[in-house]
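Visitor: Build me a model from this:
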Amino acid sequence: MKIDFKELDLKILPNFKGGEKEYRAKMIYVDKQKIMKGLLIPGASIGFHKHDASSEVMFITKGCAKYICEDEKGNKSIEILTKGECHICKNGHSHTLINETDEDIEFYAVVTNF
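Guide: Residues are numbered from 1 along each chain as shown. The predicted structure follows:
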């Protein structure tokens, strides 16, 4: 199945999941998956949230993102993700993505089994 993000409507999601500023995304739902092309402007973030019944893979295509994740035991880690890197937030874990830079962050994300 081909997905052409140029043909999808852009959604502006203010304070997404309790985050700062806005999350701009083009998204599509396919079976039990949500596939997104996202953008965080400088100072924006996706709020810290838990994946209770799903997992998420985020792949950075532009910029430098601060990624904070927490496992099911409460252990937190901080990672810096740059272009070409990805992170997996497993089912039962929590995470946030933060743009602390002066340039946009662009990424693709796939949420499975929600």
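Visitor: give me the number of residues near Ile35?
Guide: When neighbours are defined as other CB atoms under 10 Å, Ile35 has 18 of them. For every residue, glycine as well, the C-beta is placed using N, CA and C.
Visitor: again with Asp4
Guide: Neighbours around Asp4, by other CB under 10 Å: 8.
Visitor: Leu97 contacts Ser45, doesn't it?
Guide: Yes - applying CB atoms under 8 Å, one finds Leu97 in contact with Ser45, separated by 6.5 Å.
Visitor: Name the residue in the two with the higher neighbour count.
Guide: Neighbours were counted for Leu97 and for Ser45 using other CB under 10 Å; Leu97 has more, 29 against 24.
Visitor: now the chain, which segments are flagged as low pLDDT?
Guide: The chain contains residues with pLDDT under 70 at 114.
Visitor: For the protein, which segments are assigned as strands?
Guide: Along the chain, counting by DSSP state E, strands occupy 11-14, 22-30, 33-40, 45-50, 55-62, 64-70, 76-82, 86-89, 94-98, 105-112.
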